[in-house]
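Enquirer: Attaching a predicted model along with its sequence, questions to come.
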There are 2 protein chains.
Amino acid sequence: MWSVDEHLDDILATVRPLEPIVLQLLDAQGCVLVEDVTVPVSLPPFDNSSMDGYAVRVADVAGAGEEFPAVLTVIGDVAAGQGEQPTVGAGEAARIMTGAPLPPGAEAVVPVEWTDGGLGEGPAAGMRAHSTAPEGASGEVRVYRPAEARAHVRDRGSDVRAGDRALAAGTILGPPQIALLAAIGRGTVKVRPRPRVVVLSTGSELIQPGEELAPGQIFDSNSFALTAAARDAGAIAYRVGAVTDDVEVLRSTIEDQLIRADLVVTTGGVSVGAYDVVKEALDSIGDPDDDEGLGAGGGVDFRKLAMQPGKPQGFGAIGPDHTPLLALPGNPVSSYVSFEIFVRPAVRALMGLSDLHRTTVRARLTADGALTSPSGRRQFLRGRHDADAGTVTPVGGSGSHLVAALAQADALIVVPEATTSVEPGTEVEVVLLG
Amino acid sequence: MWSVDEHLDDILATVRPLEPIVLQLLDAQGCVLVEDVTVPVSLPPFDNSSMDGYAVRVADVAGAGEEFPAVLTVIGDVAAGQGEQPTVGAGEAARIMTGAPLPPGAEAVVPVEWTDGGLGEGPAAGMRAHSTAPEGASGEVRVYRPAEARAHVRDRGSDVRAGDRALAAGTILGPPQIALLAAIGRGTVKVRPRPRVVVLSTGSELIQPGEELAPGQIFDSNSFALTAAARDAGAIAYRVGAVTDDVEVLRSTIEDQLIRADLVVTTGGVSVGAYDVVKEALDSIGDPDDDEGLGAGGGVDFRKLAMQPGKPQGFGAIGPDHTPLLALPGNPVSSYVSFEIFVRPAVRALMGLSDLHRTTVRARLTADGALTSPSGRRQFLRGRHDADAGTVTPVGGSGSHLVAALAQADALIVVPEATTSVEPGTEVEVVLLG
């Protein structure tokens, strides 16, 4: 018997972060940066206006007021993106837009609201559009307030300076980090890619949802649930349909899939039955003479875990690239819980994330009676967590086929190995799902 | 001046959830179900074994023990997915696999570990693979323990019964809900789709990251940041490159994009400047004679909000389908904060979600000195939240061009309209990002 922690430690000791690749910025969303990114050019790259207004010399507007405005000659517009700027001389002003470079000669910007906007009709609310009123770039402007040097000017480099470290290796790239990378001109970035996870379920009884059930058949749900869960964990997930309980079919299916897999997840066929083909196909396939087939990776080890649900588990590395494979049990609840406890951390380790695990909290058990748990096994019961009340309530029973209850759960209640009974009111460990 | 709440209320009163569509199960991940889903066939669909073992009659194993095992004739295998089962008569047992139908005549299952597995060598650890040892489906088996009726049998309908409600309309489809839908045979499901959000930035000064900066130019970061943020909110986001400050180019670009837009988000060009083309192109375009062009939607209203950053904002509906459009200011921090406060809830409203807003908590301000905030404006400062300590610390200043600080933030500190100064140690409202 392996403990949950021993099995997880073994997985995490084996799974290495994927090799970094260079991706387009938006393709790197959610990925982990593997380089320290240095700022190549200061931001802003030039002194620029933080307001729509007029670029002026300080002396020209000193003492200006409502009653005695400064009257300046407008020598043109400075729009954002304009390469050439007019030089602002004594008694002159350039009409300037937010983000436009401060033109030579100018020392400050007065917002348009502090002027008559060139209209001669008292304080203005804004500028008239250049396209409809081009004369606004000439004529006279009355300025009603003085301005200090550098007023409403954003200094070159006031955001970041060339040579600064913009982002450190290890940063997860969310929207604000992508904003910064774009702002400093990075169109591509070196990250660990999202792992490609191939999910396949096994079982001759499985048919595709939407088809007609024949006697003895059930619908394949695991491959859907785990593909969704793998995506949720950050992976690019490929769902392979259910594979029949035939060793050769299974072996060749897995071999075919290796080309696009950073991790293979199977469900079913791992227990002690006579038709447990995953176990049969992958158990001890390590073969020193095999340097191409599945055995090249060294094979998969099948274990019994001190866990409920999820007792039978397989883990190993297969194929020429030693692709990690996790073989989960086939009961829907067992496979989902196993995914949460073992596969999700593996996916996140492949991404190079340091925070591998779901959030765990303590909560007070609310239940009609005591929960029972087998001695020597860590039990994961499905529950609903009420964060405000600090409580958790079991949903459904412990049966590993109870999918309906699983769909009502938002948490797993953890009952430790040594505990066989948990009274209502007891504080328990809770894994929050999603 | 509009308040933040008035503007948001106006947006949410206008934006309606998208019309439902039928999607393949995995395409519906993260979407909101719009139908009550009823269970068409009970789960499990038939009585089946929860263990690998032997299907027996209770009377045949009554009183069985290590010393005096019951010896039964093995009449064959019942594997999962097998349509026809042998009938178990008196003194007989069928070898049965987990999930396989309980064969006629059998009343209980004894796990293989309670038998000799047909090997005659005492208690067995498992079965030998059928492919390598087909004789295991015949011969004799010794059973070392009695079994009660229905032991290790999962009853038909013990998970869900035909006619039960599996999931209620309004449920968000995560992996466990997808598991249940697949398990009951649903290959497709009716949900509100993810909204398609078109993001475009405007400004003649903008160039693509990776290109060479000429004087007066800066890199377009908004379209990258907001595309990433829209995806993060649940949308399918399309990034349109930066559009130059030309009214006709902008108008025709937006018109072209409407075909794939459930929501249009622009940045820049919404203030009082002479080159604010978004405002110029979209202000008051409502035109009763226009039933095809942008004006058909009734136009976009440009407002000043009592907010910092993010004072100038536009909102309205455009084009023949009255597509909602949010016009955000162009400063990177302003546009990102505006997205969080206004666009994200709109995206979630389009998805039909009921929980539209980021989590908000109270935290104690940690800072070197008092924060200042303009009177009459709701200020959103960037901060880092420490959940364990219950504190939040501002990063960077209030300047709306400070992208580097934004990239270090994980929270927004909210300073209410009436507050002009916040002393360290004060409890403040904090919006948690991500």
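Expert: On my side now, so go ahead.

Enquirer: before we move on, could you check phi and psi at A:L43?
Expert: Main-chain torsions, A:L43, degrees, to the nearest 10: phi -120, psi 140.

Enquirer: Tell me the predicted confidence for the nearest residue to it once chain neighbours are set aside.
Expert: Counting by C-beta to C-beta, 6 or more residues apart in numbering or on different chains, A:L43 lies nearest to A:D159, which is 4.0 Å off, once chain neighbours are set aside. The way it works is simple: take the backbone N, C-alpha and C, and place the C-beta from them, glycine included. Reported pLDDT at A:D159 in the predicted model: 91.

Enquirer: give me every residue that touches A:D159.
Expert: Shown in contact with A:D159 (C-beta atoms under 8 Å, 6 or more residues apart in numbering or on different chains): A:42-44, A:183, B:399, B:401-404.

Enquirer: right, and the pair among the residues you listed with maximum separation?
Expert: Greatest spatial distance among the contacts of A:D159 (C-beta to C-beta): A:S42 and B:G399, at 14.6 Å.

Enquirer: between these two, who's got more neighbours?
Expert: More crowded of A:S42 and B:G399, by other C-beta atoms under 10 Å in any protein chain shown: A:S42, with 18 against 15.

Enquirer: Phi and psi next, for the more buried one.
Expert: The phi/psi pair for A:S42 (degrees, to the nearest 10) reads phi -60, psi 150.

Enquirer: wait, doesn't it sit right on A:A166?
Expert: No: if you go by C-beta atoms under 8 Å, A:S42 and A:A166 don't touch, sitting 11.4 Å apart.

Enquirer: ok, back up a step: narrow the contacts of A:D159 to those in helices?
Expert: Among these, DSSP state H puts A:183, B:403-404 in helices.

Enquirer: tell me which element whichever residue of the stretch 251-400 of chain A sits closest to chain B is part of?
Expert: Closest to chain B within the stretch 251-400 of chain A is A:V272: 3.0 Å, counting by C-beta to the nearest C-beta. Assigned by DSSP states H and E, A:V272 belongs to neither a helix nor a strand.

Enquirer: Could you dump the contacts of A:D159 into JSON lines with distance to A:G383 added?
Expert: Converted to JSON lines, the contacts of A:D159 look like this (distance: C-beta to C-beta, whole Å):
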{"residue": "A:S42", "distance to A:G383": "53"}
{"residue": "A:L43", "distance to A:G383": "48"}
{"residue": "A:P44", "distance to A:G383": "52"}
{"residue": "A:A183", "distance to A:G383": "44"}
{"residue": "B:G399", "distance to A:G383": "46"}
{"residue": "B:H401", "distance to A:G383": "47"}
{"residue": "B:L402", "distance to A:G383": "43"}
{"residue": "B:V403", "distance to A:G383": "42"}
{"residue": "B:A404", "distance to A:G383": "43"}
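
Enquirer: Which ChimeraX command selects the buried ones in those residues?
Expert: Command for ChimeraX, covering only those of those found buried under the criterion 16 or more other C-beta atoms under 10 Å in any protein chain shown:
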select /A:42,43,44,183 /B:401,402,403,404
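
Enquirer: Do a quick rundown of the helices in the stretch 301-434 of chain A.
Expert: Under the criterion DSSP state H, counting those that start in this stretch, the stretch 301-434 of chain A contains helices at A:332-338, A:344-350, A:403-406.

Enquirer: can you list contacts of the first one?
Expert: The one in question is helix A:332-338. The contact list for helix A:332-338 (C-beta under 8 Å, 6+ apart) reads A:221-222, A:225-226, A:229, A:267-268, A:309-311, A:313, A:326, A:328-329, A:380, A:382, A:399-403, A:406, A:412, B:175-176, B:179, B:183.

Enquirer: Is there a neighbour count for the residue of the stretch 301-434 of chain A found nearest chain B? I'd like the number.
Expert: Here the stretch 301-434 of chain A gets closest to chain B at one residue, A:A407, 4.0 Å apart by C-beta to the nearest C-beta. For A:A407, the neighbour count with other C-beta under 10 Å is 25.

Enquirer: what's the closest non-adjacent residue to it?
Expert: B:L180 is the one closest to A:A407 (C-beta to C-beta, 6+ apart), at 4.0 Å.

Enquirer: Please enumerate the helices of the stretch 151-300 of chain A.
Expert: Under DSSP H, counting those that start in this stretch, the stretch 151-300 of chain A gives helices at A:175-183, A:222-232, A:247-257, A:277-282.

Enquirer: show me what contacts A:G174?
Expert: A:29-30, B:228, B:232, B:433-434.

Enquirer: Just the buried subset of those residues, please.
Expert: Buried subset of the contacts of A:G174 (neighbour count, 16+ other C-beta under 10 Å): A:29-30, B:228, B:232, B:433.

Enquirer: quick one: pLDDT of A:L282?
Expert: A:L282 is given a pLDDT of 88.

Enquirer: Please name the bridge partners of the residue nearest to it when sequence neighbours are not counted.
Expert: Nearest non-adjacent residue to A:L282, counting by C-beta to C-beta, 6+ apart: A:V300, 4.0 Å away. Legend: beta-bridge partners of A:V300 under DSSP bridges are A:D283, A:G316.

Enquirer: A:V300: how many residues sit nearby?
Expert: Per other C-beta under 10 Å, the neighbour tally for A:V300 reads 28.

Enquirer: give me every residue that touches it.
Expert: Per C-beta under 8 Å, 6+ apart, neighbours of A:V300: A:282-283, A:285, A:314-318, A:325, A:327.

Enquirer: what about 7 Å?
Expert: When contacts are counted by C-beta atoms under 7 Å, 6 or more residues apart in numbering or on different chains, A:V300 touches A:282-283, A:285, A:314-316, A:318, A:325, A:327.

Enquirer: Any chance of those residues in JSON lines with neighbour count as columns?
Expert: Formatted as JSON lines, the contacts of A:V300 follow (neighbours: other C-beta atoms under 10 Å in any protein chain shown):
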{"residue": "A:L282", "neighbour count": "29"}
{"residue": "A:D283", "neighbour count": "18"}
{"residue": "A:I285", "neighbour count": "20"}
{"residue": "A:G314", "neighbour count": "21"}
{"residue": "A:F315", "neighbour count": "22"}
{"residue": "A:G316", "neighbour count": "25"}
{"residue": "A:I318", "neighbour count": "27"}
{"residue": "A:L325", "neighbour count": "25"}
{"residue": "A:A327", "neighbour count": "29"}
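
Enquirer: Next, give me the two most distant ones among the residues you listed.
Expert: Farthest apart among the contacts of A:V300 by C-beta to C-beta are A:I285 and A:F315. That separation is 13.3 Å.

Enquirer: in the sheet, who's paired with the nearest residue to A:I172 once chain neighbours are set aside?
Expert: Leaving aside its sequence neighbours, A:I172 sits nearest to A:V32 (C-beta to C-beta, 6+ apart; 5.7 Å). Beta-bridge pairing for A:V32 (DSSP bridges): A:I172, A:R192.

Enquirer: Could you check how far A:V32 is from chain B?
Expert: 15 Å (C-beta to the nearest C-beta, to the nearest Å).

Enquirer: Just give me the neighbour total for that residue.
Expert: Residues within reach of A:V32, counting by other C-beta under 10 Å, total 22.

Enquirer: thinking A:R194 is in contact with A:A237, fair?
Expert: No: look at A:R194 against A:A237 with C-beta atoms under 7 Å: they stay out of range, at 9.4 Å.

Enquirer: wouldn't A:G319 be in contact with A:G295 here?
Expert: No: here A:G319 does not reach A:G295: they are 8.5 Å apart, not a contact under C-beta under 7 Å.

Enquirer: hmm, back to that, out of the contacts of helix A:332-338, which end up buried?
Expert: Buried members of these, scored by 16+ other C-beta under 10 Å, are A:221-222, A:225-226, A:229, A:267-268, A:309-311, A:313, A:326, A:328-329, A:380, A:382, A:400-403, A:406, A:412, B:175-176, B:179, B:183.

Enquirer: residues contacting A:A214?
Expert: Counted by C-beta under 7 Å, 6+ apart, A:A214 has contacts B:G83.
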